[in-house]
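Asker: Quick one, structure for this:
(2 chains)
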Amino acid sequence: MTISIDHLIWMYETMYKIRYYEDKMAEAYAEGKNPVFNIGAGPVPGEMHLATGQEPAAVGICVHLKKEDTVTSPHRPHHHAIAKGVNLNRMTAEIFGKVTGLGKGKGGHMHLFDPDVKFSCGGIVGAGIPHALGAALAAKKKGTDWVAVAFIGEGAANQGAFHESLNMAALWNLPLIVVIENNQYGISVPKSASTSVPSNDIRAVAYGIKGYYVKDNDPIEMYNVSKEAVERARKGEGPSIIEIETYRYLGHFQGDPEVYRDKNEVALLREKDPIVRMRQFLMKEHGIEEQRLIELENKARQEVEAAYQFARESDYPEPEDALKDLFV
Amino acid sequence: MIQAINEAMRQEMERDERVIVLGEDVGKNGGVFRATDGLLEQFGDCRVFDTPLAESGIIGTSIGLAVNGFRPIAEIQFLGFVYQAMDQLAAQAARLRFRSAGRFTCPIVVRSPYGGGVRTPELHSDALEALFAHSPGLKIVMPSNAFDAKGLLITAIRDEDPVLFLEPMKLYRALRMEVPNEPYEIPLGKARIVKEGEDVTIISWGATVPLVAKLAEEMTTQGIDAEVIDLRSLQPLDIDAIVRSVEKTGRVMIVHEAVKTNGFGAEIAALISERALFSLSAPIVRVTGYDTPYPVPSVEDEWLPNAARIVEGVQTLMRY
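Answerer: Residues are numbered from 1 along each chain as shown, chains lettered A, B, ... in the order given. All right, here's what the predicted structure looks like:
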């Protein structure tokens, strides 16, 4: 399958932006939390789940989506939000708990909501799948060609909500695509100890739908299978499951001692980093000048820097705001 | 009452094409209690559809529909089945407006039959309103008669927030009353004074109201003038109506089917102690279910608040 150069460039710069964003977040999160880890200290208190290494899953499918398509995401949502086009300034302000945030600083990093690009996420594993199902049902009832994508981790594929939703999506032939980011661990438990099948695309058979598997965190292969899945969904050919073998370079949360894996594991993974691979691929296979990539990278960094500056300079909400927005 | 509920949904579906109905057996079967009878025939399977047995999925997909412009009415076949959907109701639907600071809203109605008295087993008889009163973000409506059921359900469907609408199963066909043909709204959070009185305030809601009202009338022959308050909704709660009455009577009884410990009666008692403690001339009496799972049919008439326990409670109050 040939891929347009525009798509390739977009995927590269978006992966780069996500990586830079998460690296900056790791730094911002660490402020004030050392030498003794204190989860409540610093400008970004609370849990922090970063997606460093998992960029291909987000860009490989979001490149095929439009504003009207729904995306739901779990507790590790930054890469999906950036790839879906969530306002970066307001997203960052939300994570910093500022009043200029997407949800006036009330949601935090696991609750980013942007109706402008139909993006939402949440901290309960698997809970977003039926929300995407409902969006897909709404799209069908309205007679549109919009699709809904539910991003989940491989751990969520063992939740009841996964099976309930896929059964209904298949039964009603809905434009739902469940993207399973298999980052190998549910916090500390390896997939082999939690999941009865070697890969979750096999489970598609149980619902009579299409299942795809993407090996080795490959953005190009993710692009290809996602293209097919999204096109099928738009044409009314029903739901799909895509499982991508991906890697999280960092702990489940920032501060995770990672006693469950060998220290060398991540070093080996970083040697085959998808962003580095994609950069080389663009230069070697598509003759993109390195200077052009450097310019894209500079632009992405500037955008991220501006978002962090916006967040840091914004005000905190008033204490009484914490009691508002419960009912209309 | 079941006709009034059916009519409320039918009229709202006629008025607003965004209103849709989903749940187990709500389509051709018209609901196991026939609440959705005839809706499929009138509105078609795009707007009235059966779901698989998947309570979490029913509420979850309703959230997705609501966020995308529909106004779903989801039926949970018996309230005891709602445990399957606790996350989607209490952790998702209830919190969507709050955690997004109003950018995502969730105008869904979850209808469910609740309560006992018809010889059904546990999980088919449970009164679980207190679980949801402890889940900020959900409105809880519990009608006690056909007129209120229609008006409150119409209001609930038009509400911009998630509403749990709990229908007393034993009242579905128990009492007949005239209900206006035209649609009308009854505001949430406005209690109904069923009977005015001077001596004792009896607070109740949903399934137990008709019994309390009947007993209050009978007590007048014994010289006891009870005031009966039907709360209609627990969230929002008409605490002002309660306080006004307590200030007048100085004696309070709370009657509900749900188990006693941490039941909603405990919250009302606490609010009265905050707002009207010095108006009380007697300890507050609660007549409720017992602290067990719902019992077997042979003892349910004793387990539920019954005439003997309510009358005895009032007599205790009147001794002060």
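
Asker: so where do the helices sit in the stretch 151-300 of chain B?
Answerer: Secondary structure of the stretch 151-300 of chain B (DSSP state H, counting those that start in this stretch): helices located at B:209-219, B:239-249, B:264-276, B:300-303.

Asker: hmm, I was thinking of chain A
Answerer: Assigned by DSSP state H, the helices in chain A fall at A:5-30, A:55-62, A:78-84, A:88-95, A:128-141, A:160-171, A:204-207, A:219-234, A:263-271, A:274-286, A:290-313.

Asker: Those helices: which one's closest to chain B?
Answerer: Ranking these by proximity to chain B (CB to the nearest CB) places helix A:128-141 first, at 1.8 Å. Quick note: C-beta positions are derived from backbone N, CA and C, even for glycine.

Asker: Run through the residues of chain B sitting next to chain A.
Answerer: Chain B comes close to chain A at residues B:20, B:46, B:51-52, B:54, B:56-57, B:59-70, B:87-88, B:91-92, B:97-105, B:136-137, B:139, B:159-161, as judged by CB under 8 Å from any CB of the partner chain.

Asker: Sort out which of the residues you listed are buried, if you could.
Answerer: B:20, B:51, B:54, B:56-57, B:59-68, B:70, B:87-88, B:91-92, B:97-105, B:137, B:139, B:159, B:161 (16 or more other CB atoms under 10 Å in any protein chain shown).

Asker: Tell me which of those residues fall in helices.
Answerer: Going by DSSP H, the helices hold B:56-57, B:59-67, B:97-99 from those.

Asker: pLDDT score for the residue positioned nearest the centre of chain A?
Answerer: Centroid-nearest residue in chain A: A:H80, 3.0 Å away (criterion: CA atoms, centre = their mean). A:H80 carries a pLDDT score of 98 in this model.

Asker: and what of the one 5 residues further on?
Answerer: Among the per-residue scores, A:G85 holds a pLDDT of 98.

Asker: picking that back up, and the ones in helices among the buried ones among the residues of chain B next to chain A, which two are furthest apart?
Answerer: B:G57 and B:F98 (23.1 Å; CB to CB).

Asker: for the closest residue to B:L171 other than its chain neighbours, what are its contacts?
Answerer: Excluding its sequence neighbours, the residue lying closest to B:L171 (CB to CB, 6 or more residues apart in numbering or on different chains) is B:M1, at 5.3 Å. Residues in contact with B:M1 (CB atoms under 8 Å, 6 or more residues apart in numbering or on different chains) are B:143, B:145-146, B:149, B:167-168, B:171-175.

Asker: What's the local residue count around B:I2?
Answerer: Residue crowding around B:I2 was assessed by other CB atoms under 10 Å in any protein chain shown; the count is 19.

Asker: Equivalent analysis for the one 5 residues further on, please.
Answerer: Using other CB under 10 Å, the number of residues around B:E7 comes to 19.

Asker: Make sure it is indeed in a helix.
Answerer: Yes. With DSSP: H, G, I helix; E, B strand; the rest coil as the criterion, B:E7 is located in a helix.

Asker: what's the pLDDT at it?
Answerer: pLDDT at B:E7 comes out at 98.

Asker: Likewise for A:F37?
Answerer: For A:F37, the model assigns a pLDDT of 89.

Asker: For it, which residues are in contact?
Answerer: Going by CB under 8 Å, 6+ apart, A:F37 touches A:G255.

Asker: Quick check: the residue of the stretch 201-328 of chain A nearest chain B.
Answerer: In the stretch 201-328 of chain A, no residue comes nearer to chain B than A:V328, which is 4.1 Å away by CB to the nearest CB.

Asker: Relative to B:I154, how far out is that residue?
Answerer: 17 Å (CB to CB, to the nearest Å).

Asker: Tell me which of those two has more neighbours.
Answerer: Taking other CB under 10 Å, A:V328 and B:I154 do not tie; B:I154 has more neighbours (20 against 10).

Asker: Now do the more buried one against B:V26, distance only.
Answerer: Distance check for B:I154 against B:V26: by CB to CB, it reads 18 Å.

Asker: Repeat that for A:G46.
Answerer: In this structure, A:G46 and B:V26 are 41 Å apart, going by CB to CB.

Asker: Over to A:H75?
Answerer: 34 Å.

Asker: The two - which one has more neighbours?
Answerer: Taking neighbours as other CB under 10 Å, A:H75 and B:V26 compare with B:V26 leading, 27 against 20.

Asker: any idea how far that one is from chain A?
Answerer: Distance, B:V26 to chain A, using CB to the nearest CB, to the nearest Å: 15 Å.

Asker: contacting residues for A:P45?
Answerer: Per CB under 8 Å, 6+ apart, neighbours of A:P45: A:39, A:97.

Asker: Backbone dihedrals for it, both of them.
Answerer: Torsion angles at A:P45 (phi, psi; degrees, to the nearest 10) stand at phi -70, psi 160.

Asker: Look up how far chain B lies from it.
Answerer: Relative to chain B, A:P45 is positioned 17 Å away (CB to the nearest CB).

Asker: Grab the nearest non-local neighbour of B:V255.
Answerer: Nearest in space to B:V255, with sequence neighbours left out and distances taken as CB to CB, 6+ apart, is B:S204 at 4.3 Å.

Asker: Now for the one you found, how many residues are close by?
Answerer: Using other CB under 10 Å, B:S204 has 27 other residues around it.

Asker: ok, it - contacts?
Answerer: Applying CB under 8 Å, 6+ apart, the residues contacting B:S204 are B:144, B:212, B:228-231, B:254-256.

Asker: Tell me which residue of the stretch 151-300 of chain B lies closest to chain A.
Answerer: B:E160 (4.1 Å).

Asker: Close to chain B: what parts of the stretch 201-328 of chain A are there?
Answerer: Proximity of the stretch 201-328 of chain A to chain B, by CB under 8 Å from any CB, involves residues A:324-328.

Asker: where's the dip in pLDDT among these?
Answerer: Model confidence across those bottoms out at A:V328, which has 90.

Asker: Not counting sequence-adjacent ones, nearest residue to it?
Answerer: Per CB to CB, 6+ apart, closest to A:V328 is B:E160, 4.1 Å.

Asker: swap in B:I76?
Answerer: That would be B:S112: by CB to CB, 6+ apart, it lies 4.1 Å from B:I76.

Asker: now do A:I288
Answerer: Excluding the flanking residues, the one nearest A:I288 by CB to CB, 6+ apart is A:L282, at 4.3 Å.

Asker: so that neighbour touches A:Y12, yeah?
Answerer: Yes. Using CB atoms under 8 Å, A:L282 is in contact with A:Y12, at 6.0 Å.

Asker: Which one's more surrounded, those two?
Answerer: For A:L282 versus A:Y12, neighbours defined as other CB under 10 Å are more numerous around A:Y12 (24 against 21).

Asker: And the pLDDT for that one?
Answerer: Predicted confidence (pLDDT) at A:Y12: the value is 98.

Asker: do B:L175 as well
Answerer: pLDDT recorded at B:L175 is 84.

Asker: Could you do A:R232 as well?
Answerer: Reading off the model, A:R232 has pLDDT 98.
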